[in-house]
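Visitor: When you get a sec, could you give me coordinates for this:
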Amino acid sequence: MFGIAVSAERAVPSQGSPDEQAIWNLERAYWRYVENNDLTAYRALWHQDFLGWPSVSATPVRKDHITDWITLETNQGSTFKTVELKPGAIQVTGNVAFACYWITFKWLNKQGNGAPHTLRITHAWLKTGKDWRIIGGMSMTEPETAAR
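Guide: So this is what the prediction gives:
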């Protein structure tokens, strides 16, 4: 089990291999890019052959649709705010890593209001050379927030 810093900015396991630390750092960067609406940096995290199933999609998506969930909200004037990133578990085997965690966030309207939502996230990362890229993933609404 990992020790975890509580702040959303510093929610990283306090121990683990260099590859595990790299994956958690990339996961934190993922959400920072969403907060900053940096879609170029966000897209760079994804492997060209990505296939995943975000909770907001009725069907699986490929890399060409990976930012749809962000632009759906930002086109309406909403901004993303991370509340908490809580690592669950990670497994690194050779050039493949699987990260599981919870993210609590808010989509803030123009008045700065928004309800918190918690998702369970799984990402499969593939290392090619020195770079890790997300090759697969899935998210689902945390049951206690599903009824909200």
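Visitor: What distance do you get for the closest residue to residue 20 other than its chain neighbours to residue 56?
Guide: Using Cβ to Cβ, 6 or more residues apart in numbering and skipping residues adjacent in sequence, the residue nearest residue 20 is residue 90, 5.2 Å away. Where you see a C-beta, it was placed from the backbone N, CA and C, and this is true even at glycine. Distance of residue 90 to residue 56, computed by Cβ to Cβ, to the nearest Å: 24 Å.
Visitor: more crowded one of those two?
Guide: Neighbour count, other Cβ atoms under 10 Å: between residue 90 and residue 56, residue 90 has more, with 22 against 14.
Visitor: Quick check, the more buried one in contact with residue 23.
Guide: Yes - assessed by Cβ atoms under 8 Å, residue 90 is found in contact with residue 23 at 6.1 Å.
Visitor: what's the overlap in contacts for these two?
Guide: Common neighbours of residue 90 and residue 23, counting by Cβ atoms under 8 Å, 6 or more residues apart in numbering, are 97, 99.
Visitor: Looks like residue 31 contacts residue 85 (just checking).
Guide: Yes - contact criterion Cβ under 8 Å: residue 31 and residue 85 qualify, at 6.3 Å.
Visitor: starting at the chain centroid, how far to the strand or helix carrying residue 137?
Guide: Assessed by DSSP states H and E, residue 137 sits inside strand 131-141. Relative to the centre of its chain, strand 131-141 is centred 7 Å away, using Cα atoms, centre = their mean, to the nearest Å.
Visitor: mean confidence for stretch 62-78?
Guide: In this model, stretch 62-78 has an average pLDDT of 96.
Visitor: hmm, who's touching that stretch?
Guide: For stretch 62-78, with Cβ under 8 Å, 6+ apart as the criterion, the contacting residues are 34, 37, 39, 42-43, 46-52, 54, 56-57, 61, 80, 107-110, 114.
Visitor: Mark which of the residues you listed are buried, thanks.
Guide: For the contacts of stretch 62-78, a neighbour count by 16 or more other Cβ atoms under 10 Å gives the buried set as 34, 42, 46, 47, 50, 52, 54, 61, 80, 107, 108, 114.
Visitor: Filter those residues down to the ones in strands?
Guide: Mapping the buried ones among the contacts of stretch 62-78 onto strands (DSSP state E) picks out 46, 47, 50, 52, 61, 80, 107, 108.
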